[in-house]
Every structure is written in C-alpha cells, then in structure tokens.
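Colleague: Generate a structure from the sequence data that follows.
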Amino acid sequence: MTTTTLAVLVPLLPFLGAAAGLLLGRTAPGFVRPLAVLPPLTSLVIAVLVAVRQGGGQAIDAATELTPTGSIPIELALYIDGFAALVAVLVCVVASCVQIYSTGYLRDDPRYPSYAALVSLFTSAMLLVVYSGDLMVLLVGWEIMGICSYFLVGHYWETPEARAASVKAFLVTKLGDVPFLIGLFALATDAGSFRITTVLGTVASGGLHHPTLIALLLLAGVAGKSAQFPLHTWLPDAMAGPTPVSALIHAATMVAAGVYFVARLLPVFQASSAAMVVLAVMAAVTMAGSALAALAQDDIKRVLAYSTIGQLGYMTGALAVGDRGAAVFHLLAHGAFKALLFLAAGVIIHAAGTNSLAVMSRMKDLRTRVPDAYWTMTVALLALAAIPPFSGFFSKEAVLGAAEHVATGHTEHAPGAAGWIVLLAGLISAVLTAAYATRLWLLAFRGQGAEAPDHGRQPLTMTAVLWVLAIPSLVFGLAYSPLPDWFDGRDLTPVLTTSVLGTGLSLVGGLVTYGAWRHTSALAARVPLGAVVAHPDADAGHVEAEAIALHTPAFGDVAYAPDPADPGRLLLGPLHRHAAVGFHLDAVYTTLFVRPVQAGAALVRFLDREVVDTYVRGAGALPRWLGTAVRRAQTGNVQTYVSALLAGTVVLVVAALLVATGA
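Modeller: Numbering: from 1, shown residues only. All right, here's what the predicted structure looks like:
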C-alpha cells in the first residue's frame, strides 16, 4: 500500500468510526466502545508508519481536483512533511488516550455514544487540518472542529455554565474566523491557488502583494482558535465540559490548529515585519497575563486552562522569531504533558469530590488515595515548569534560545524587536509558570485537615493512560539534541546563559511559592475549618465545590471565604482579585460589545413590534371596519332587504325628477 493511501486512512478511520458510532449508538450499544477506541488506535499505527516512511525527508505531495470552479481550483491535496507527520502522531496518541480514558470516566453517562462519536469526529477534523495541502480543505477541518467543540463543551447542557460556555466558545472563535476566511481568499487571490505549496512558492518569489493585510487577517483566526490574546477568553470557560474533552482540546486539537497553521505558512507571516511584531506582542501579553491569571485560580481545571493559553503563547512566540522547529517541538512536548495534566486532574477530582484547590488543601493524604495521579502529575508539572531533564525544559529553552538569537542579531528571520519582546516575556512567564505549577501541586497534594473522602478506586482505563503519557513527558525532551548545532561555528555563551537563566528563574519561582505556602499554611492552621458545601453535577457522579466555609457568615445555604492557605494570594497581593477574573476582560467585552448588541437587538425588537406591526395592523384596520359594516347590513331578513330596495328606488326616482325639473 502506498504512503499516500495510508495517509488518507489516518483521518478517514476516525470519521468512519464517528459515523458508525452515531448510527449504532442506540441500536447496538455494545459496539460503541470498540468503535470509539479502535479507529484512533488504528490511525495511530498508520500515522507512525507514515512518519517512518516520510522520515523527515522529501514531503509527500499529492492532489486531485475536486470539481471545476471556473477560477481558483480547490483540490483534495495531501502535503506531509516531517512536521506534519509528527503532529499527526501526537493527535492520534492523545485522541486514543482520551477515548480509552473516557470509557471509564463516562461509563455511566447516558450520552456517551454521541460523546464518543464527536470525539472521533473532532480527531478526524484535526488530522484533516494536519495533512491537508489545500487551504480550503484545511478550512473544512478547521470549522468542523469549531462545531465539535460547541457540542462537547456543552455536553452537560442541563447546567447553565455548560450552555453558556459552549455558546461563548463558538461565538468567540467565529469572531476570529470571519477575518480569517477573508485572509484566505486574499492569499489565494494573490497566489492564484489554494495549494499550500503554490502559496509558499509565490511568497518565495515575492509575488505576495498585500503581505501585512493578509497576515493580520489570518492572525485574527489564529488568535481565536488557539486562544491567544485578545480572543482567549473562551478557553477557561470551556472547562465546563467533561475533563477528557479538555485534555483533547488543550493538548492535540482545536488550540493546536492555530499554531500549526502559522507554522505551516510561516513564510507568509515573515513577509511582513509588522505582522511578526504584532505576533510577538500577542504572544508576550498572552504568556504573562495567562500565567498571572493561573496563579489566582481556585478551580484546578481553570489553572490548567490558563496554563495552556500561556504555553501556546510560547509557541506563537517561537513563530514570531521565525523558528518553526522550536514552536513545533514545544507543541509536541506540551501536548504530552498537558494531556497528562488534565487526565490526572480528572482522577483527582473524582477522588476529592471537588474541583476546588481550596477544598483540596484541607484534605489530608489525598495523594495516598490517588498514587497514580500523584506521581504522573508530578512528572507533568515538572515538565510544565521546565525543570531539567523533563521534556518542557528542552522545548521551552528552544523557544528562549530562538528569541535570544533574534534579539542579539544572530539571525535575520524576524525583527530584533520581536526577539526582545518574546525573550523578556518568556523569562517572566518562566517564573510565573513554576509558581503556579508549584502552587497547584502543594494545594492538591500537601493539604492538612480532614481525611480525604474515599470514592473508591478509579478504573484501570483511567489510570493506565496516565503512565502512557508520563513516558513522553519524561523522556521526549531527550530526543532534542541541540549541541551539534550549537557547536557548528556558534558562540555557546548566549545560548547557555539563556538556558541557565531560564532554569534558575523557574527554580526561584518554585522556591518562592513554597516559602509563601509554608507561611500561609501556618496561618491557615489557626483558622477553624467549617463545612464544605458542594453539589453533584452531571459529570458521572463527580461533584464540584461551590464554596468553602471557614468562619464567615453564610449567604443562604453557601458560605464563601478565601482560602488562607493559598500562596497565590500572598504572592499577587492586591493584583489577586483582578487576576482571578482574568483581568476583567470579559467585563470589558460585555461593555464594549455584548451590551451594545443587546441594546441594538432591543431597538430592532421595539421597531418591529411598535412601528412595523402597528403599520401592518393599521393597513388591515380599514378593510376590517368596512367588512364589519357590510356584515351588519347582511341581516338575512327579507323584509329588511325589500324595504331597503324600495327606499333606494324612491330615492332614485326623486333624484331623477329633480334632475329633470332642473333641466
């Protein structure tokens, strides 16, 4: 079988699995789980085979025209280089782990068949984006992921949070997709084709007439899909969906699509220095702002959500300095340890009965209840904090090293300003990332107080995949071998300085957070623990804490109080309350966009009801009145009709006589 045929099967198998799952979900429920797990596993095997055959050499390029368009053709094209082959393997690994994990996590969910089918469709759409060699075909996968995220985030549609989150995710990403589509059309118009190879050839020959405009339009779609400032606000709210969905979205699909797109078409963005600086600023604000927000979150899943936003900022930062290799390397490393973080968080939530770190900090020996999650999450958090020799250290240092090279003028792949912006923001974010990773670990696993609740052991399908994902989180970075390149006529001093500085800052962030935790824990020990008020949600019997009551007055059935053991409050000080709500960006959007739109809708509704409807009702009033008068004349009494006839005759005779006399 040819490599091209094998490549076609990679996205096709999950699609067929999704279709079969939807058709057989009710009639043959016994086939649902095999149809959910086997297609992505098979696609994984085939994707690995495709990657081996491609071998990082010449790209696999094949195409066939779908249908004559009369102008710019649309082709069903494959373009698989080493970059695409590796990303496809990542997508299949994470999707397979998510599907296996979900068989245990959602084993009692009545909507599991539709959930599993949507996850498979989601996977197929991302693989289509990865392998596509035509921008219009890529757009199909891009938009299918958008609708899949809408349904999966809103899986628990009974809760208002899930409904609001799904609508928000859909609308915010669509806000970026509109200029993105315009940018694609403009790019194809300049290049005369939607084929990616043709577009890149046009850029190389200087045939792109509007590079800045096109790049900025495309960046709007990237910001929405990959949750970059200012269109990142949908991602933390998307935590209302099931935890495995969060792992899939954050690690391998949806948010990775925007980064992948920029990496695929990086020469288009490099054609405009202004666009590269804008990309660098977007990455810098995203990195620093999301890290501060993560340090203030109480919900463990929202901490990880803001973490994803920040790590995507590192990837876009690497692209802003023109280093696609560093961006892709961090994309792959992050995909492994972020999927592990979310799936381990699901196990912890199941064991603790809450998403709240404040509540977990009051539970003793939670780590002994979930040893698998404890050890694997520790590995993943060390990778996230970029501590050597874990994978995140190598990938993050690759990003910082690339920024340093641009900032110091060692390369001309991007403006020097972009290098300095990314480098400084990356170093600041390194401190904050280690701080919130340490805070999460301390509050989740080093709590003091009552015994952690015993909700029973988690299914093997949930714990086994944690160890599978722990392997790349631990050793994947060792596959990165920068030393031969460094010695290739380069001065090692700046690179080593950046590496030591980044690691040192990460250690400082972790140690300072630990010291703050020791201080706040001593204060918390003197505060009596009240009641934990919680309610069951729809997440397969899991519960999410509403509040923790210490010694504050209750409001209704729930008492709210800050957690005195939270080191984030001490570290952020007065900034904490702003960071906890994402620096009020949602409130700003509500003021600038939501309320004006709602006011406009209210005005249209008023005009429709009071003006248009009044006119329509008035236009029908006269015929109605005439009809009423005629109806009253039609009494059905023959004597009345004869009397009216005679009276009319008399009137006519008199009138005729008067006319004759007058004549």
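Colleague: Tell me where the model's unsure across the stretch 551-663 of the chain.
Modeller: Where the stretch 551-663 of the chain drops to pLDDT under 70, the residues are 551-564, 633, 663.
Colleague: residue ranges for the helices of it, please.
Modeller: Taking DSSP state H, counting those that start in this stretch, the helices of the stretch 551-663 of the chain run over residues 567-572, 576-580, 585-589, 595-606, 613-633, 638-662.
Colleague: packing partners for the longest one?
Modeller: It refers to helix 638-662. Contacting helix 638-662 under the criterion 3 or more Cβ pairs under 8 Å, 6 or more residues apart in numbering; DSSP states H and E is no other helix or strand. Bear in mind the C-beta positions are built from the backbone N, C-alpha and C, glycine included.
Colleague: for that helix, the distance to its chain's centre please.
Modeller: How far helix 638-662 lies from its chain's middle: 86 Å, per Cα atoms, centre = their mean, to the nearest Å.
Colleague: Give me the secondary structure label for Asp61.
Modeller: For Asp61, the assignment made with DSSP: H, G, I helix; E, B strand; the rest coil gives strand.
Colleague: which non-adjacent residue is nearest it?
Modeller: Excluding its sequence neighbours, the residue lying closest to Asp61 (Cβ to Cβ, 6 or more residues apart in numbering) is Tyr79, at 5.4 Å.
Colleague: What about that neighbour, how many residues nearby?
Modeller: Tyr79 has 22 neighbouring residues, counting by other Cβ atoms under 10 Å.
Colleague: about what we covered before: tell me which of the helices of the stretch 551-663 of the chain lies nearest to Pro29.
Modeller: helix 585-589 (40.1 Å; Cβ to Cβ).
Colleague: just the strands in the stretch 251-400 of the chain please.
Modeller: Secondary structure of the stretch 251-400 of the chain (DSSP state E, counting those that start in this stretch): strands at 363-364.
Colleague: Contacts only, for Ile46.
Modeller: When contacts are counted by Cβ atoms under 8 Å, 6 or more residues apart in numbering, Ile46 touches Leu6, Ala7, Leu9, Val10, Leu13.
Colleague: again, only this time at 6 Å
Modeller: By Cβ atoms under 6 Å, 6 or more residues apart in numbering, the contact set of Ile46 is Leu6, Leu9, Val10.
Colleague: Mark which of the residues you listed are buried, thanks.
Modeller: Leu6, Leu9, Val10 (16 or more other Cβ atoms under 10 Å).
Colleague: Quickly find the element holding the first one.
Modeller: Put plainly, it is Leu6. Here Leu6 sits within helix 3-24, counting by DSSP states H and E.
Colleague: next helix or strand past that helix?
Modeller: Later in the chain than helix 3-24, the nearest helix or strand by DSSP H and E is helix 32-54.
Colleague: If you count neighbours, what's buried in that following helix?
Modeller: Neighbour counts using 16+ other Cβ under 10 Å place 32-33, 35-37, 39-44, 46-47, 49-51, 54 of helix 32-54 among the buried residues.
Colleague: For my notes, please list the buried ones among the contacts of Ile46 in CSV and give distance to Val654 and pLDDT for each entry.
Modeller: Below are the buried ones among the contacts of Ile46 laid out as CSV (distance: Cβ to Cβ, whole Å; pLDDT from 0 to 100):
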residue, distance to Val654, pLDDT
Leu6, 104, 94
Leu9, 99, 95
Val10, 99, 96
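Colleague: Looking at the residues you listed, which one is closest to Ile249?
Modeller: Val10 (19.8 Å).
Colleague: Contact partners for that closest one?
Modeller: Contacts for Val10 (Cβ under 6 Å, 6+ apart) come out as Ser43, Ile46, Ala47, Leu127.
Colleague: if I look at it, how far off is Ser506?
Modeller: 36 Å (Cβ to Cβ, to the nearest Å).
Colleague: do the same with Asp109
Modeller: Computed as Cβ to Cβ, the Asp109 to Ser506 distance reads 39 Å.
Colleague: excluding its backbone neighbours, what's nearest Tyr306?
Modeller: The shortest distance from Tyr306 to any non-neighbouring residue, by Cβ to Cβ, 6+ apart, is to Ala294 (3.7 Å).
Colleague: hang on, that neighbour packs against Ala305?
Modeller: No - in this structure Ala294 lies outside contact range of Ala305 using Cβ atoms under 6 Å: 8.1 Å.
Colleague: Following element in sequence after the host helix or strand of Ile214, please.
Modeller: Per DSSP H and E: Ile214 is located in helix 211-225. Next in sequence after helix 211-225, counting helices and strands by DSSP H and E, comes helix 234-237.
Colleague: which parts of the helix holding Leu6 are buried?
Modeller: By 16+ other Cβ under 10 Å, the buried positions in helix 3-24 come out as 3, 6-15, 17-18, 20-22, 24.
Colleague: For His405, the count of nearby residues, please.
Modeller: By other Cβ under 10 Å, the residues close to His405 number 22.
Colleague: State the distance from it to Gly502.
Modeller: Where Gly502 is concerned, His405 sits at a distance of 14 Å (Cβ to Cβ).
Colleague: contact partners of the helix holding Ile214?
Modeller: The contact list for helix 211-225, computed with Cβ under 6 Å, 6+ apart, reads 172-173, 176-177, 179-180, 182-183, 186-187, 231, 257-258, 262, 269, 271-272, 274-275.
Colleague: buried residues in that helix?
Modeller: For helix 211-225, by 16+ other Cβ under 10 Å, it's 211, 214-225.
Colleague: With stretch 262-278 instead?
Modeller: Neighbour counts over stretch 262-278 (16+ other Cβ under 10 Å) mark 262-272, 275-278 as buried.
Colleague: what's the closest of those to Asp372?
Modeller: Nearest member of the buried residues of stretch 262-278 to Asp372, counting by Cβ to Cβ, is Ala263, at 33.9 Å.
Colleague: Do I have it right that the closest one meets Arg324?
Modeller: Yes - between Ala263 and Arg324 there is a contact under Cβ under 6 Å: 4.8 Å.
Colleague: By mean pLDDT, point me to the weakest helix or strand of this protein.
Modeller: Using mean pLDDT, DSSP states H and E, strand 543-548 stands out as the lowest-scoring helix or strand of the chain, at a mean of 32.
Colleague: Quickly note the distance from Leu35 to Ala20.
Modeller: From Leu35 across to Ala20, the span is 5 Å (Cβ to Cβ).
Colleague: And for Gly82?
Modeller: 32 Å.
Colleague: Pull the number of nearby residues for Val285.
Modeller: Neighbourhood size, Val285 [other Cβ under 10 Å]: 17.
Colleague: how about the nearest residue to it, chain neighbours excluded?
Modeller: That would be Phe229: by Cβ to Cβ, 6+ apart, it lies 4.6 Å from Val285.
Colleague: Contact partners for the one you found?
Modeller: By Cβ under 6 Å, 6+ apart, the residues touching Phe229 are Met282, Val285, Thr286.
Colleague: Which parts of the stretch 51-200 of the chain are helices?
Modeller: With DSSP H, counting those that start in this stretch, the ranges of helices along the stretch 51-200 of the chain come out as 82-105, 112-131, 135-153, 160-191, 196-204.
Colleague: For Ile74, which of these is the nearest?
Modeller: helix 135-153 (4.7 Å).
Colleague: where does the stretch 201-350 of the chain dip in pLDDT?
Modeller: For the stretch 201-350 of the chain (pLDDT under 70), the answer is none.
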